[in-house]
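Peer 1: here is a sequence with its predicted model. Questions after.
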Amino acid sequence: MSAQIQSTPEAFPAFCEGIQYFADSFPEIDRLGAAPLLGPDQPALPDPTSEAAIYQTLLAADALRYLTLQITGSKSSGHPGGFASSADAVAALHLLGHRNMVTEVGHHAPGFYSAMFLDTSLEAMSINTVAEMRARFRERHGLLGHLSGAIPGLLAPAGPLGQGQHFAMAGAYLHRDKLFPVTIGDGGLGEPYIMSAFQHFATAYPDVTNYLPVLVWNGYSQEHHSMVSLWDNARMTAYWRAHGFDEVHMVDARNFADTPDAPVYADSTTFGFAARMAFTGAILKAADDAAQSALSGRRACLIVKQLKGAGVHATGAKSHNLYPHHTLESDDVKGGLQRRALPIKAWELTRENFRHAGGGPAARVAVTESVRELPNLDGLPLTEFPVGESHSPTTAFGQVVGEVGKRDPMFVVTNADGNEASGMANINKALMIRHPTADDLYFQGPSGQVYEPLNEDACAGLAVGVALFGGRSLWCSYESFAINGLPIWQTVTQAMAELRRPTPATVCLFTAGALEQGRNGWTHQRPEIESYFAAMMRNGNVYPLFPIDANMIQAGYAWALKQHNKGIVITASKSPLPIHATMAQSEQAIDDGAMVLQERPGSHSVVFAVTGDLVLQPVFAAAEKLAQAGIGSRIVAVVNPRRLYRPTDVLWDSVSEPDGRFMDDAAFKAMFHGDVLIGVTGGPSAPLEPVLLRSQAAQRDVFCWKRGETTANPQQLFDFNGMNAQAMSERALAMLERAAV
């Protein structure tokens, strides 16, 4: 398949500017590439088994490989190798008309960008030529190193491994008539989450099969062989069948090699033309068969076994990453580009095929490129409890959640450790746990809306995937265990900050906090998780909420349901606690960021700034002790700390759906000014940062969580962490003495 290589010819299509090498010919191009098979009235290959279809898919795969190496080589940075071994399958699925494609592998980003360039989606970013794509690869306001929410036509972000399958399943759940392929690397297959997530989803949603895992089995991970590199084909097939897949479509490049000594992981781009056509034909058939099965009620997967780096500058793990010495003039990159060079006619044909695949550019036809219509939630019934009574915040919350699910049949609640254990059995009663075994005693059945895999990654993954793809969801978790699901929550929330469309906020509730988990000991006492969200508040679209009672948690959730492109975290107790605020006061507190709960006169003023509900108990007791000594106090509930930052502290104006509401200086001073300020929280001190930054009190201090211990009640945990009323009142008196000096 060798051809004379030339640098930029005198005449070429405008989009080809920046392509460094062109071939003067390609085998059979006049016969099989005379005209593109796709067009305005032909969104998919008319006959995937035809010689022309196979040929044009081969050209598309080579074009993707070339562009991937061209743009990464331009920056001596990025990851060409993994995508290169998947290019044949990706090209086949696009030309078969399946445009809703996601990936588990962030390192495949340059290949996905290449597909979006070929179909003209990147023109929405003013990227019209290869030269412009090269210039803006891995640059700000350009093509990020990993997939994000900002790139037209691409459905989902891709960062940490083991996440992409959630997006495919969420898309399939919300859009039953579309196929959602997801490419998965065999390096990432070592993540335990991927296959367990598929298995649980298949059990819970046996009728949702329109997702298609595409395993890129190339034998290598990022810097070494993959952990499954020694498996044989039979073992890999059995592995997927054991995780709920009815059909395993495997194409092994080695079976098509035209030399007898081909390695176990073969590179199809080194084959002769006839062998390459045979391999591409097998890929195309397998992809089409798997897609049709997935769309027809059978769980299918596609496995492409081909050497990592097929068709680029190197093979194996050495192809994974480019380093500064990999330039467009280095022998390896230059040689790779020249081997994959295509004639102008091939570029024109491939461009037309991509432009019309699936009915148009992915930036126009992908499901995430438009706002999904949602059932109306106006007038949700909120129960206002009288001030002074005691009620469980989470139980009150669960009542509202049940009503949301009744109005929105696609609404999903996820929970790994059980709603009932968190005081929210009413959610299960209203919406039912989704389970193949129907049992009214446990409120479970095959059509339930409560998804309960015992895996926080799977819980968070489906919930955030549904939100990202335009649906409503809720992730509920014990505070202590949620950390296992936070990586994908963070990934999606960050992506929401740059989405090109509004989508429902991703909402989660963390309950049964450390103070309520005394007898379980430190294993169930992990409030440090709040530091994660506190750090993310500066992103501009993350809102940790700390409602103080059963009224305010309802107001907080009602507020969250109206938000877009935000990550909203509600932390609350399941124990019955006193009602401190009316519903109107609660709504105002959520909007303002804080509210004054109690103010007592005295000779001096001690301000307690508090996040949480149960932790208010020692604070009120401390205020009473101070009052007995003639000292005044003010207790302020810090409900929505993101509102308490200064506008310059937060990148609020850089995100989609920007929210620039912050408490002004006068209001802040009225709430938090005093002789001394004491921050109190049942978790870490980080959520109180905005208060501590803005306070002008000469004396400031914090009472916060230090470490867990096995105890019989919350008071013993307060004592263990030095957070009881006696300690707070004594600290306040000492601070007043210092302030007076």
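Peer 2: Cool, the structure landed. Residues are numbered from 1 along each chain as shown.

Peer 1: next, the buried residues of the longest helix along the chain.
Peer 2: When the chain is parsed with DSSP state H, its longest helix is helix 51-75. By 16 or more other CB atoms under 10 Å, the buried positions in helix 51-75 come out as 52-75. Glycine gets a C-beta too; all of them are placed from N, C-alpha and C.

Peer 1: following it, which helix or strand shows up next?
Peer 2: helix 81-84 (DSSP states H and E).

Peer 1: is it true that residue 251 touches residue 290?
Peer 2: No - the pair residue 251 / residue 290 is not scored as a contact, 10.3 Å apart, by CB atoms under 8 Å.

Peer 1: which element follows the lowest-mean-pLDDT helix or strand in the chain toward the C-terminus?
Peer 2: Ranked by mean pLDDT, DSSP states H and E, the helix or strand of the chain with the weakest confidence is strand 5-6, at a mean of 70. Per DSSP H and E, the first helix or strand lying C-terminal to strand 5-6 is strand 22-23.

Peer 1: pairing partners for that following strand, with directions?
Peer 2: When pairing is defined by DSSP bridges, strand 22-23 lines up against strand 5-6 (antiparallel).

Peer 1: check which helices and strands whatever helix or strand residue 166 lives in is in contact with.
Peer 2: Assigned by DSSP H and E, residue 166 belongs to helix 164-174. Secondary-structure packing of helix 164-174 (3 or more CB pairs under 8 Å, 6 or more residues apart in numbering; DSSP states H and E): strand 102-103, strand 180-185, helix 193-204, strand 211-217, helix 456-468.

Peer 1: could you give the angle of it to strand 180-185?
Peer 2: Angle of helix 164-174 versus strand 180-185, following axes from the mean of the first three to the mean of the last three CA atoms, to 10 degrees, is 170 degrees.

Peer 1: rewinding a little: avg pLDDT for the longest helix of the chain?
Peer 2: Averaged over helix 51-75, pLDDT sits at 97.

Peer 1: what about it, distance to the chain center?
Peer 2: For helix 51-75, the separation from the chain centroid amounts to 28 Å (computed by CA atoms, centre = their mean, to the nearest Å).

Peer 1: what does stretch 494-503 give?
Peer 2: 11 Å.

Peer 1: I'd like the average pLDDT over it.
Peer 2: On average, the pLDDT along stretch 494-503 is 94.

Peer 1: likewise stretch 590-607?
Peer 2: 96.

Peer 1: before we move on, what about stretch 239-248?
Peer 2: Per-region confidence: stretch 239-248 scores 96 on mean pLDDT.

Peer 1: buried residues, it. List them.
Peer 2: Buried, per 16+ other CB under 10 Å, within stretch 239-248: 239-240, 243-245, 247-248.

Peer 1: pull the number of nearby residues for residue 329.
Peer 2: Residues lying near residue 329 (other CB atoms under 10 Å) number 9.

Peer 1: any idea how far it is from residue 157?
Peer 2: With distances taken as CB to CB, to the nearest Å, residue 329 is found 33 Å from residue 157.

Peer 1: can you check residue 479 too?
Peer 2: Using CB to CB, one gets 25 Å for the distance from residue 479 to residue 157.

Peer 1: who has more neighbours, the two?
Peer 2: Neighbour count, other CB under 10 Å: between residue 479 and residue 157, residue 157 has more, with 30 against 27.

Peer 1: would it be right to say that that one lies in a helix?
Peer 2: No - under DSSP: H, G, I helix; E, B strand; the rest coil, residue 157 sits outside any helix and is assigned coil.

Peer 1: secondary structure element for the closest residue to it other than its chain neighbours?
Peer 2: Leaving aside its chain neighbours, residue 157 sits nearest to residue 495 (4.0 Å; criterion: CB to CB, 6 or more residues apart in numbering). In this assignment (DSSP H and E), residue 495 forms part of helix 486-496.

Peer 1: next SSE downstream of that helix?
Peer 2: Note on helix 486-496: by DSSP H and E, the next helix or strand toward the C-terminus is strand 506-511.

Peer 1: that following strand packs against which elements?
Peer 2: When contacts are defined as 3+ CB pairs under 8 Å, 6+ apart, strand 506-511 sits against helix 393-407, helix 456-468, strand 473-478, helix 486-496, helix 550-561, strand 567-571.

Peer 1: can I get those in a markdown table with mean neighbour count and distance to residue 321?
Peer 2: What follows is the helices and strands packed on strand 506-511, written out as a markdown table (neighbours: other CB atoms under 10 Å; distance: least, CB to CB, whole Å):
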| stretch | mean neighbour count | distance to residue 321 |
| --- | --- | --- |
| helix 393-407 | 22 | 45 |
| helix 456-468 | 29 | 26 |
| strand 473-478 | 27 | 34 |
| helix 486-496 | 24 | 21 |
| helix 550-561 | 25 | 40 |
| strand 567-571 | 26 | 31 |
